[in-house]
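>>> model this:
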Amino acid sequence: MKRLKQFAYHEPTTLADAIGALAAGGPTARVLAGGTDLIVDMKIDRLPTTAVVNIKRIPGLVGIEDLGDATRIGALTKVTDVEESTLVKERHPALAAAASILASPPVRALATIGGNVGRASPASDLGPALIVSDARARIRGVEGQRDILVEDLYIGPGQTSLACSDIITDLVVPNPSPGFGSAHVKLGKRGSGTDIAMAGASASIIIRNGVIEDCKVALASLGPTPLRATIAEESLRGREAAEEALAEAAVAAAEQATPIGDIRASASYRMTLARVLTLRALRAAVESAEERGAS
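Below is the predicted model:
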């Protein structure tokens, strides 16, 4: 592994100063949150970097807060804290599950939720879970503050819709509706699954009077970004949450997947995983909904 190339280093204590440093540094200025990806990418020259803006000293970016109608998670909140949060487990089970299998315990203790989302990896664990939970990212930049759906952040592998001076400050996850359940599953090369996903799936579902009122499915490592399986979702709405319906939706999800083959898995194997993992995620989401009193 190469030595780090020289770069300008900034350690601001306000968002305004951090945004200013990023704007001055341009497209090759990088935000340092947990650093679990950034430092590695810099060492192997995968990410040209001329300036690093460390935002760890800026107050207000850490913590999990009950807003009444939603859960606010500060962008610098460690993945371990998301994993262990009682509030997240109770309200957003897919997110808690995804956090619990991201990488390894030492990485989760350093990695942040905002950094993971901003990394925009197609293999993201947290991205699909946030997408099926209707989460929004709160962004601060030179033009002020705005909220956007996490789903709309992703535009390509490692690419987001953020401007070079934008900073994710919070993730806001709305409270689930009655009859809601969600789940996340993945398969990695290690037996525990705590590895970069060969494939992964998140699902959320709302069941009322025995019928699926709404659902969302998002896939990992099965396209250039975390991928919504919209055809699978549509196939389930208005149907009973029976095994046959779930299995048909899983087939539809696999048909929407556009995986590549790489050192971790072939494209054809990933297509099989798309069906298998979507079915597992849907089953678990239904079980989650039933545990929460879905009728």
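>>> Would you mind measuring from the nearest residue to Ala70 once chain neighbours are set aside to Thr258?
The spatially closest residue to Ala70, leaving aside those adjacent along the chain, is Pro174, at 4.7 Å (Cβ to Cβ, 6 or more residues apart in numbering). C-betas here are computed from N, CA, C, even on glycine. To Thr258, Pro174 is 29 Å away according to Cβ to Cβ, to the nearest Å.
>>> what do you get for Ile131?
Taking Cβ to Cβ, one finds Ile131 at 17 Å from Thr258.
>>> for Gly144, same thing?
36 Å.
>>> what about the two, which has more around it?
Thr258 (13 against 7; other Cβ atoms under 10 Å).
>>> Verify the stated contact: that one with Ser221.
No - using Cβ atoms under 8 Å, Thr258 is not in contact with Ser221; the gap is 10.9 Å.
>>> Tell me who's in contact with Arg275.
If you count contacts by Cβ atoms under 8 Å, 6 or more residues apart in numbering, Arg275 has them with 250-251, 253-254.
>>> among those, which are in helices?
250-251, 253-254 (DSSP state H).
>>> for the nearest residue to Leu76 once chain neighbours are set aside, what are its contacts?
Nearest non-adjacent residue to Leu76, counting by Cβ to Cβ, 6+ apart: Leu61, 4.1 Å away. Residues near Leu61 by Cβ under 8 Å, 6+ apart: 55, 74-77, 114, 169-170.
>>> Repeat the analysis, applying 10 Å as the threshold.
15, 18, 33, 55, 74-77, 112, 114, 167-170 (Cβ atoms under 10 Å, 6 or more residues apart in numbering).
>>> Now do the buried residues in stretch 278-293.
Within stretch 278-293, the residues that qualify as buried are 278-289, 292, counting by 16 or more other Cβ atoms under 10 Å.
>>> Tell me the confidence at Gly115?
Gly115 carries a pLDDT score of 96 in this model.
>>> related to what we said a few turns ago, just the closest of the contacts of Leu61 to Ala99, please.
Distance to Ala99 across these (Cβ to Cβ) is lowest for Thr77, with 9.9 Å.
>>> Is that closest one in contact with Lys56, as I believe?
No - between Thr77 and Lys56 there is no contact under Cβ atoms under 10 Å: 12.0 Å.
>>> Residues that sit against both of those two, list them.
The overlap between the contact sets of Thr77 and Lys56 (Cβ under 10 Å, 6+ apart) consists of 33, 62, 112.
>>> can you tell me how far Thr28 sits from Pro48?
Thr28 sits 5 Å away from Pro48 when distances are taken as Cβ to Cβ.
>>> Between the two, which contacts overlap?
With Cβ under 10 Å, 6+ apart, Thr28 and Pro48 have common neighbours Phe7.
>>> returning to what we had before: if you rank the shared contacts of Thr77 and Lys56 by neighbours, which is first?
Ala33 leads these on contacts (other Cβ under 10 Å) with 29 neighbours.
>>> which element is the residue nearest to that residue when sequence neighbours are not counted on?
The shortest distance from Ala33 to any non-neighbouring residue, by Cβ to Cβ, 6+ apart, is to Gly115 (3.5 Å). Assigned by DSSP states H and E, Gly115 falls within helix 113-119.
>>> and the helix or strand just after that helix, how far from the chain's centre?
Under the assignment DSSP H and E, the closest C-terminal helix or strand after helix 113-119 is helix 126-132. Offset of helix 126-132 from its chain centre (Cα atoms, centre = their mean, to the nearest Å): 4 Å.
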